[in-house]
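In: sequence first, predicted coordinates after that:
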Amino acid sequence: EREKRDAQVAARATARAELLASMDETALAAFHAAEQAEFDRLYDEKMAQYARVDAAFAGGLAVVVDLSYAERMSAKEQASLARQLSPLWGANRRAAAPVQLHFAGLGRCPPGCLPKGGEDLARWKVHLHQSDVVDAFPLSSLVFLSPDADEPLEALDPRKVYVIGGLVDSSVQKHTSLQKANDLGARTVRLPLAEHAPAANPRTPLTLTAVLEILLAVHAGSDWPSALSSAVAPRLLRPNN
């Protein structure tokens, strides 16, 4: 794969050199001006995105990934969790309206459930909490997302802290995050699949990235049907009747 990519880069460089060699001075000047303008545009977009991420990190809608469940998962499931955290952060980094992302319960999450054993976390704009989510935030602000909850999530409240359980899809344990929330006396909600994009099983657990992408889309102004259809695998959805 690396050799293939290197060959593609070399081919593009050769094609560019041939194109430039075929131009007269006027065409060459216009080409370089257009190339610089595109570079400037992309740079400005990148800087604007960095600014959005920084603003969300400082005071945006709070979304927490609860990583306190590692002891309930096998080593294989922990490795699957680790693989999901990088694209989850990437989704927030690229989002039109990023959220203030938190990882809580790290004290109960061994290196095996973190990307590169946790080395990557220091590079990300993510708030890190060794303590449990209930110790990091007021209980009254917590809203646990669980596919087993009865109440659908209808709107995002900037005063609330939305908690996504760090359990992977392969886990056969049911009601885990729901039970934790109930034990704490915290509010629980589910994504409104049944209401806006019925699935074969409305309580089907989704990947962490899919859940966050849905929240990000709604946070950016999308309606629920659009947000759900863009993040949930088509095989899980069927049209509303």
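Out: Cool, got the structure.
In: so which helix or strand of this structure has the lowest pLDDT on average?
Out: Least confident helix or strand of the chain, by mean pLDDT, DSSP states H and E, is helix 193-196 with a mean of 84.
In: what are the contacting residues of the host helix or strand of Pro225?
Out: For Pro225, the host element (DSSP states H and E) is helix 224-231. For helix 224-231, the surrounding residues in contact (Cβ atoms under 8 Å, 6 or more residues apart in numbering) are 191-193, 195-197, 206, 210-211, 213-214, 217-218, 222, 237, 240. C-beta here means a position set from N, CA and C on the backbone, and glycine is covered the same way.
In: from those residues, list the buried ones, please.
Out: 191-193, 195-197, 206, 210-211, 213-214, 217-218, 222, 237 (16 or more other Cβ atoms under 10 Å).
In: between those residues, which is closest to Ala11?
Out: Checking the buried ones among the contacts of helix 224-231 against Ala11 by Cβ to Cβ gives Glu213 as the nearest, at 34.2 Å.
In: any idea how far that closest one lies from Arg12?
Out: Distance, Glu213 to Arg12, using Cβ to Cβ, to the nearest Å: 31 Å.
In: list the buried residues in stretch 117-128.
Out: Within stretch 117-128, judged by 16+ other Cβ under 10 Å, the buried ones are Gly118, Leu121, Trp124, Lys125, Val126.
In: pretty sure the second one contacts His127?
Out: No: using Cβ atoms under 8 Å, Leu121 is not in contact with His127, being 10.3 Å away.
In: shared neighbours of these two, anything?
Out: By Cβ under 8 Å, 6+ apart, the residues touching both Leu121 and His127 are Phe103.
In: return the item of the buried ones among the contacts of helix 224-231 having minimum pLDDT.
Out: Among the buried ones among the contacts of helix 224-231, Leu237 has the lowest pLDDT, at 58.
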